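Trainee: Need coordinates for the following:
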Amino acid sequence: MKQPLAYIHPAAKIHPSVVIDPFVTIEENVEIGEGTRIGSNVTIMAGARIGKNCMIFPGAVISAIPQDLKFRGEETVAIIGDNTTIRECVTINRGTAARGRTIIGNNCLIMAYCHVAHDCIIGDNVVMSNATQLAGEVIVDNYAVIGGGALVHQFCHIGPHVMLQGGALVNKDIPPYVKAAREPISYLGVNSIGLRRRGFSSEVIREIQEIYRYLYLSGLNNTEAVERIEAELPATTERDEIILFVRNSKRGIIRGYV
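Mentor: I've put the predicted structure just below:
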């Protein structure tokens, strides 16, 4: 349903079931899936790919060109998955030549005034609370929850099932399944409540806690701790995911709380 007061480029590909409120602007080279609703005063710029059954609230700007001086007008996209909610005044920039795309997954909640910069990759079921700010090329994995007002440095990686304190300043990678808080940002334990809510058994949670004892409470450096974990703890999906995350971290993982 198109409002006569909205501007929609004739080449935009929009499912007939999409609801578009007044004063929306939709540019060329945009695709919007069925069941999505676009609130008033939303601007959807070239390169947006929006999935099914999304809700985009008033004032959001989707797929604006990157705030990156290296951007040279290359054709890139901003992809939003199905069943994702984008609240008021959120800004999501499209990609650059670095990755070519900014991605937000399925079933996400991006609260008011959040910013997702160029080439970020946001997984499924992620919650970004009000005014969270992601710099370029940040990765946020599935089921992470980011507290309001968090600032995440360029190239940082936030692992799956992480619970991040509001107002946090993140300049290191945050490994899977943990709580992170304080200043400077630090490991504060395993996100056991969140894991239980998502169906992890008590046994698996205890195994994850044991892994992090090696990493943060043993006095070993990260390389030594990972070697001990591999040698002494049984292989599980969670163990191997944590090991791979630590080994692949380019910025280094957050420290333990002292």
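
Trainee: Residue 226 and residue 165, how far apart?
Mentor: 26 Å (Cβ to Cβ, to the nearest Å). All C-beta spots, glycine's among them, are computed from the backbone N, C-alpha and C.

Trainee: Correction: the previous question concerned residue 255.
Mentor: Applying Cβ to Cβ to residue 255 and residue 165 gives a distance of 15 Å.

Trainee: How about residue 107?
Mentor: 23 Å.

Trainee: So for these two, which sits in the more crowded spot?
Mentor: residue 165 (20 against 17; other Cβ atoms under 10 Å).

Trainee: ok, now which ones touch residue 155?
Mentor: Contacts for residue 155 were tallied using Cβ atoms under 8 Å, 6 or more residues apart in numbering; they are 135-138, 250-251.

Trainee: Buried ones among those?
Mentor: Applying a neighbour-count criterion of 16 or more other Cβ atoms under 10 Å, the buried members of the contacts of residue 155 are 135-138.

Trainee: tell me which of the contacts of residue 155 is nearest to residue 196?
Mentor: residue 138 (27.2 Å; Cβ to Cβ).

Trainee: Give me the neighbour count for residue 130.
Mentor: So residue 130, with other Cβ under 10 Å, has 17 neighbours.

Trainee: For it, give its distance to residue 167.
Mentor: Distance from residue 130 to residue 167, by Cβ to Cβ: 11 Å.

Trainee: Quick check: neighbours shared by these two?
Mentor: The contact lists of residue 130 and residue 167 share 148-149, where a contact means Cβ under 8 Å, 6+ apart.

Trainee: In contact with the residue positioned nearest the centre of the chain, which residues?
Mentor: The chain has residue 122 as the residue nearest its centroid, 3.1 Å off, counting by Cα atoms, centre = their mean. With contact taken as Cβ under 8 Å, 6+ apart, residue 122 is in contact with 103-105, 108, 116, 128, 140.

Trainee: And for residue 228?
Mentor: 214, 218, 220.

Trainee: Which one of the residues you listed is nearest to residue 56?
Mentor: Nearest to residue 56, judged by Cβ to Cβ, of those is residue 214 at 43.8 Å.

Trainee: In contact with the closest one, which residues are there?
Mentor: 220, 225, 228-229, 233.
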